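# Show me how the following folds:
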Amino acid sequence: MKKIYIPMIVAMLATPIGSVANAEEVAKLQDGAQNAEEVVEVEGNVEEWLEDVVEAEPEEEVKLEGYENLGSLIFKASAISSKIAANKKGDYFIYYIMHGSPAALVVVNYQTKEIVHTFTLEDSKSAWGLDVDENGKLWVGGSVSSVLYSFDPNTEVFEKHGSIFSNKSDTSIQNLIVSGKKVYAGSAYGGSLVAYNPKTNEIEDFGQIRKRKEFVKAIVADEKTDEIFVSIGSSMDLLVKKRGTKNFTSFLPAKYMSEKYAQGLMLTDNYLVARLYPSNVAVIFDRKTLKIVDELELNSKTVSTLSPDGKSFYYTKAQQLVRYDFETKEHTELGVFLPKGTEAINLDFILKGTKTVGETAKTENKVKSLVKNASTDGEFVLKQPTLEEPIIEEKPMEWVLSGMVDNLGQLFEYNPQTEEIKYLQFDLPEQPVELYTLASSSDGTKIFANGYMSGGLGVYDVETGSKELYRNISQIESMFDINNKLYIGAYPLARLLVYDRSKPWDLLNPKEAIRMSQFGQERTTAVTPFNNGKEIVFGTLPDASVGGGALAFYSTETEEMEIYENYIYNQSIVSLVSRGSEVFGGTSIHANQQVNPRGARLFYFDRRNPEEKKYIHLPFDSSMITSLIVDKGTKVWGMADGKLFVYTDEWTDVRYVELLPLISGRFRNAQIVEGEDGYIYGSVEGKFFRVAKDNLEVEWLKDKGVYGLVKDINGNLYYYDGSNLWKYTIEQNREKKQAGQ
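Residues are numbered from 1 along each chain as shown. Next comes the predicted model:
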């Protein structure tokens, strides 16, 4: 169905969408500068991002001819999780996990507010599981190879314990909790659960909890009762393993089966609380019967643990702190608000100890104290205090509720005794950010790079080697430069942004053209120009629509949008390229969290009538067609799973060569470019190759560490490995350089 969309010419408007914003964003909003690239920060659907990236083993840097490491382009202080806990002495520490390549653990002394340690989390780019044991020792679950780390604040010793999963599919620890003597960890993408005993180094492997479930997203356990509760997905299930049983039993009510998972679980003696995702709902179960006793709406990522008085838990909704009372089932809005556009990411309690006050009795009649007399079989008798005898009056324990509210690590502290709230902000160290999407300028003099999760736009000057960094932009799924404008498909909300490179980067530049989320789309996964840039064609991956991805045309002259929804039934559009009056596209079978059994489609249409699309039969099956280019001879080349193919027109056969038998991901596993030396260069699953255009003979250039691929003005190639941008000088240019040309 065709739709015409005419946008208002405005700056990128701020829409918090229930995610979190950082302190810089809040300040700018309060100053009246509304910029969506400031407000749309990463924090939420991390497992979604992880699905799209093939995590690579750390590679030792080896000097190879033609390869040059240009270093990191993007740096950011991005706190993705935190926890506040005490050591054995009762001294509290704030622990931050900083996203990066590699990630880092930052330790802040709560009393002095000073950063006392920064530890590199080797082999991890993020860490989501944080918990402390009974001695205050912090346990951290990392990504890439499911590495377990620990930090003991009593001895100040940091340790790397290595991978704790045996299944190679389990590349990320999604959740981690400590119960008794064991550390429980759940994984992606094998959906496994293990219990690690630090004293014996023994690992109890429960294996994959359910077939075809990739995530163990949340865990709670009670070692005393030998019970384990887990949330798996997606789609969601809740399960319990009780004492004396070998298997996990599902107890999820049918009404919640459309959820992806529960992203947090909280356990008390009587209740289990599950914070669902993506809906903003928490469900309270009776722990014994596993029946629902209540449910509530909330915006915080999680709920607190049981309050120190044993009566309630806390959460945030519409930026306000709310207390839930288990006995009365009442929700009390506390009238205390977090900064605009933020919600609580985590919630921890800080105990201030038990207050006692000593007084001296000046006379026998001043006060009477009630004491227990052992000779009266438990009866209470009144005992008159003697002169100058100290009288101890015990007051309720003081405690505060604290939590992180944004990716800069800003904390709030709420004191329920005084009903006061205050904020803490630290100058957390920046980390190098793993790169995610590359593009080159139309003249080949600039290389653009975007950061995974943390966003940012790095610009590398090919001629001078200088670097620039524009921070205020989120993750980019696709981008294309033409006519000195960079057209950006930004995540989340499938936003199309336009960056006019002739003007300064500011609050109005780049500007937002449209949010395709209003049509149920999640990511803008393909962008290509048409008619010398008079139009920009883009395709999307859907999240909550009734069908497939959308095909859209953006007029660079009138700024109007022409939109065709569900263009390929129940499939996503993940690659596009134009040839004359024709536009070619490739799809992925992944759409709306479903897998289309039909197989990926290669299609084309005449721009004058996009609804009359035609399909090109490929002589093999594939799950996604991830990269399309048109060479100098107007032939269409593409990557379909692990196969490189070439298509001329409908009167000729499709030729292809298989590079890899198996691939991963949903829409990003390969990239190809045409070389200046007569080859097609490409990367697939991190492997670097070139193929002769005439006979499709394959030559492998590098066996790992090559992601994304673009070409500069001289025909040299650029790719990324982790946070580093690399340059590959093609052989003919190496020969020229050696000859002094």
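
# So what touches stretch 259-271?
Identification of contacts with stretch 259-271 by C-beta atoms under 8 Å, 6 or more residues apart in numbering yields 215, 217-222, 229-236, 238, 272-279, 284-288, 293, 301-306, 313, 326, 593. For every residue, glycine as well, the C-beta is placed using N, CA and C.

# Just the ones of those in strands?
Among those, DSSP state E puts 215, 217-222, 229-233, 238, 272-277, 284-286, 293, 313 in strands.

# Got a PyMOL select line for the buried ones in these?
In PyMOL, this line selects whichever of the ones in strands among the contacts of stretch 259-271 come out buried by 16 or more other C-beta atoms under 10 Å:
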select buried, resi 215+217+218+219+220+221+222+229+230+231+232+233+238+272+273+274+275+276+277+284+285+313
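
# Can you tell me the SS state at Arg734?
Of the three states, Arg734 takes helix according to DSSP: H, G, I helix; E, B strand; the rest coil.

# Surely it is in contact with Tyr67?
No. Taking contacts as C-beta atoms under 8 Å, Arg734 lies outside contact range of Tyr67: 10.8 Å.

# The two: which has the busier surroundings?
Tyr67 (18 against 14; other C-beta atoms under 10 Å).

# and the gap between the more buried one and Lys288?
The gap separating Tyr67 from Lys288 is 62 Å, by C-beta to C-beta, to the nearest Å.

# Ok, Tyr452 next?
44 Å.

# Looking at those two, which has the bigger crowd around it?
Between Tyr452 and Lys288, counted using other C-beta under 10 Å, Tyr452 has the larger neighbour count: 27 against 9.

# tell me the contacts of the closest residue to that one other than its chain neighbours?
Once flanking residues are discounted, Tyr452 sits nearest to Tyr436: 3.9 Å by C-beta to C-beta, 6 or more residues apart in numbering. By C-beta under 8 Å, 6+ apart, Tyr436 lies in contact with Val53, Asn450, Gly451, Tyr452, Met453, Gln475, Ile476, Gly708.

# one more time with 10 Å, if that's ok
49, 52-53, 74, 449-456, 475-477, 491, 668, 707-708, 720 (C-beta atoms under 10 Å, 6 or more residues apart in numbering).

# residues contacting Gly520?
494, 540, 542-550, 565-566, 592.

# Please spell out the ChimeraX selection for the buried subset of the contacts of Tyr436.
Filtering those down to the buried ones (16+ other C-beta under 10 Å) takes a single ChimeraX command:
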select :49,52,53,74,449,450,451,452,453,454,455,456,475,476,477,491,668,707,708,720
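
# So which of the contacts of Tyr436 are in strands?
Under the assignment DSSP E, the contacts of Tyr436 contribute Ala449, Asn450, Gly451, Ile476, Glu477, Tyr707, Gly708, Tyr720 to strands.

# State the pair within the residues you listed that is farthest apart.
Using C-beta to C-beta, the ones in strands among the contacts of Tyr436 span at most 15.2 Å, a distance reached by Glu477 and Tyr720.

# Do you have the strands of the stretch 1-150 of the chain handy? List them.
For the stretch 1-150 of the chain, strands defined by DSSP state E, counting those that start in this stretch occupy the ranges 2-5, 67-72, 75-76, 79-86, 92-98, 103-109, 114-121, 127-132, 138-142, 147-152.

# any chance of those strands in TSV, plus mean pLDDT?
Output for the strands of the stretch 1-150 of the chain, formatted as TSV (pLDDT from 0 to 100):
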stretch	mean pLDDT
strand 2-5	60
strand 67-72	97
strand 75-76	95
strand 79-86	96
strand 92-98	97
strand 103-109	97
strand 114-121	97
strand 127-132	94
strand 138-142	97
strand 147-152	98
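
# Out of those strands, which one sits most buried?
strand 138-142 (a mean of 26; mean count of other C-beta atoms under 10 Å).

# Strand 103-109 and that one, what's the angle between them?
Inter-element angle recorded for strand 138-142 and strand 103-109: 160 degrees (by axes from the mean of the first three to the mean of the last three C-alpha atoms, to 10 degrees).

# in the lengthiest strand in the chain, what counts as buried?
As assigned by DSSP E, the longest strand anywhere in the chain is strand 521-530. Residues of strand 521-530 classed as buried: Gln521, Glu522, Arg523, Thr524, Thr525, Ala526, Val527, Thr528, Pro529, Phe530 (neighbour count, 16+ other C-beta under 10 Å).

# what's the closest of those residues to Val636?
Closest to Val636 out of the buried residues of strand 521-530 is Thr528 (12.1 Å), distances taken as C-beta to C-beta.

# Please list all residues in contact with that closest one.
Thr528 is in contact with 478, 480, 482, 487, 535-539, 575-578, 583-585, 628-630, counting by C-beta under 10 Å, 6+ apart.

# how near is it to Met236?
From Thr528 to Met236 the distance is 37 Å (C-beta to C-beta).

# likewise Leu438?
Counting by C-beta to C-beta, the separation of Leu438 from Met236 is 35 Å.

# Centre of the chain to stretch 164-180, how far?
Put simply, stretch 164-180 sits 17 Å off its chain's centre (C-alpha atoms, centre = their mean, to the nearest Å).
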